[in-house]
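[1] from the sequence below, what's the structure:
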Amino acid sequence: MKFFTTSLLIVSCVFLLSSCEFSCSVGDKDKSTATTTFSEDQPRIYNKIMMEAKKLKVQKAYLVLDNGTAVPENNGVDFKNPVKMIVKIDSGWTEKEGKVWIGASEKIMTENGTVLVDEPDLFAENTGATPEDAKTISLSATIRVREGAPPTSFTVLFRIWDKNGEGQIEGSYKLYTK
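    Residues are numbered from 1 along each chain as shown. Below you'll find the predicted structure:
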């Protein structure tokens with residue numbers, strides 16, 4: 001039975017995807033902004049990103065393509081470019097010796113629940129970030145959908161946490177084929 005399940009997972013991945021890749025960064029490398037109005041004390045969350053923050057104050061969260069173009073509010077993408085989630089964090093990191101230690105995980109699942117990739121700590125090799133750089137976290141995933149594949153969706157689950165404190169952000173968002 002285990003062989004059958006493993007084989008089915010591999011076959012599903014081959015038919016749906018030609019590749020899947022994750023990346024992450026710390027610091028404000030993306031200058032794109034959205035234009036919706038929010039009250040000053042309310043976090044600005046776009047693209048139907050669902051999240052819960054504990055001890056980290058989220059200022060803004062949104063999706064962009066790798067070239068900086070905003071992902072439409074309906075999250076319909078062609079999967080030819082990586083999709084990047086940008087999270088702006090106002091405060092809450094625990095600083096030690098002038099650095100912040102960040103953890104981040106990301107998991108992508110198909111609409112039928114098949115886990116395509118599960119990265120437990122994208123910042124495992126990180127040697128710490130400055131408190132200023134820790135205010136902007138970027139998590140990206142590259143999903144390649146086979147040409148001619150039927151319309152589908154993917155759920156991206158993420159978690160960002162403070163390795164020196166109790167702060168964390170957990171959430172998810174969906175991406176849809178155009």
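[2] when you work out contacts or count neighbours from here on, use the C-alpha atoms and nothing else.
    OK.
[3] what's the helix or strand hosting residue 84 packed up against?
    Using DSSP states H and E, residue 84 maps to strand 83-91. With contacts defined as 3 or more C-alpha pairs under 8 Å, 6 or more residues apart in numbering; DSSP states H and E, the packing partners of strand 83-91 are strand 57-65, strand 136-145.
[4] got the angle for the shortest one vs strand 83-91?
    Going back to what we said before, that points to strand 57-65. 160 degrees (axes from the mean of the first three to the mean of the last three C-alpha atoms, to 10 degrees).
[5] where does the protein have low pLDDT?
    Residue ranges of the chain with pLDDT under 70: 1-40.
[6] any buried residues in stretch 168-175, and which?
    168, 169, 170, 172, 173, 174, 175 (16 or more other C-alpha atoms under 10 Å).
[7] my guess is the last one contacts residue 76. True?
    Yes - contact between residue 175 and residue 76 holds when scored by C-alpha atoms under 8 Å: they sit 6.2 Å apart.
[8] test my guess that residue 51 contacts residue 159.
    No - applying C-alpha under 8 Å, one finds residue 51 not in contact with residue 159, separated by 9.1 Å.
[9] which of the two has more neighbours?
    residue 159 (19 against 16; other C-alpha atoms under 10 Å).
[10] look up how far residue 95 lies from residue 164.
    Applying C-alpha to C-alpha, to the nearest Å, the value for residue 164 to residue 95 is 7 Å.
[11] again, but for residue 57
    Counting by C-alpha to C-alpha, the gap from residue 57 to residue 95 is 15 Å.
[12] and the helices and strands packed on strand 83-91 as a markdown table, adding distance to residue 47 and mean neighbour count?
    Compiled in a markdown table, those are given as follows (distance: least, C-alpha to C-alpha, whole Å; neighbours: other C-alpha atoms under 10 Å):
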| stretch | distance to residue 47 | mean neighbour count |
| --- | --- | --- |
| strand 57-65 | 6 | 22 |
| strand 136-145 | 15 | 21 |
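[13] between residue 164 and residue 95, which contacts overlap?
    residue 101 (C-alpha atoms under 8 Å, 6 or more residues apart in numbering).
[14] beta partners for the closest residue in space to residue 135 that isn't next to it in sequence?
    In space, and not counting its chain neighbours, residue 135 is closest to residue 89: 4.6 Å by C-alpha to C-alpha, 6 or more residues apart in numbering. With DSSP bridges as the criterion, residue 89 is bridged to residue 58.
[15] which ones are touching residue 89?
    56, 57, 58, 59, 60, 134, 135, 136, 137.
[16] and residue 168, by the same measure?
    Residue 168 neighbours (C-alpha under 8 Å, 6+ apart): 53, 54, 55, 56, 159, 160, 161, 162.
[17] farthest-apart pair in those, please.
    Spatially, the most separated pair among these is 55 and 159, at 13.6 Å (C-alpha to C-alpha).
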